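Enquirer: When you get a sec, could you give me coordinates for this:
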Amino acid sequence: MTMTTINAIIERASDGTYAVFCKDEIFSGAGATIEEAKKDMMDQMAFYKETAIREGFKYPDFLDGEFEIVYTIDSISLLKYYVGSGILSLAGIEKMSGINQKQLWAYLHGTKPRKAQEDRIRSGFGSLYKDLNSIFA
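Expert: Below is the predicted model:
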């Protein structure tokens, strides 16, 4: 049996909480943090399967086997998460992305970045990921 890959999207809500939802499945979750939202979705998946078995209705086959969830997060939610949690500063993100702190602050407070700027943010986080991955590999 092959492992199923589920694609899910993480978004930050206007009230500061996070939501995660599957692109092609019915499952979702919410929480005060990204981790809580992911856990809530996993709990909902388990509850759905248990209820389906108990009530005798069909559920997605992947719930019986191994599956992985690939998460995608938009650049603004990513910024809000890492800056809001105190893990990263605007100065650090400026160094990673090349976008000045004043502009990053505007993105955190409602200005929608152009695609090119979103790409710079993603590229900066991608570089950080590669650096950390090479250290801990």
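Enquirer: Quickly list the domain ranges of this protein.
Expert: 4-73, 75-136 (automatic domain parsing).
Enquirer: can you list those in CSV and add mean pLDDT and mean neighbour count?
Expert: (Each C-beta comes from the backbone N, C-alpha and C, glycine too.) Shown next, in CSV, are the domains of the chain (pLDDT from 0 to 100; neighbours: other C-beta atoms under 10 Å):
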stretch, mean pLDDT, mean neighbour count
domain 4-73, 94, 14
domain 75-136, 90, 14
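Enquirer: So which residues of the protein form strands?
Expert: 4-12, 18-22, 28-31, 67-73 (DSSP state E).
Enquirer: how about JSON lines for the ones you listed, with distance to Lys112 added?
Expert: Shown next, in JSON lines, are these (distance: least, C-beta to C-beta, whole Å):
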{"stretch": "strand 4-12", "distance to Lys112": "14"}
{"stretch": "strand 18-22", "distance to Lys112": "19"}
{"stretch": "strand 28-31", "distance to Lys112": "23"}
{"stretch": "strand 67-73", "distance to Lys112": "16"}
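Enquirer: of those, which approaches Tyr107 most closely?
Expert: Tyr107 sits nearest to strand 4-12 of all these, at 12.2 Å, using C-beta to C-beta.
Enquirer: Distance from the closest one to the middle of the chain?
Expert: 7 Å (C-alpha atoms, centre = their mean, to the nearest Å).
Enquirer: quick one, which residue of the protein lies the farthest from its center?
Expert: Each residue of the chain has a distance to the centre, and by C-alpha atoms, centre = their mean the biggest one is for Gly56: 32.9 Å.
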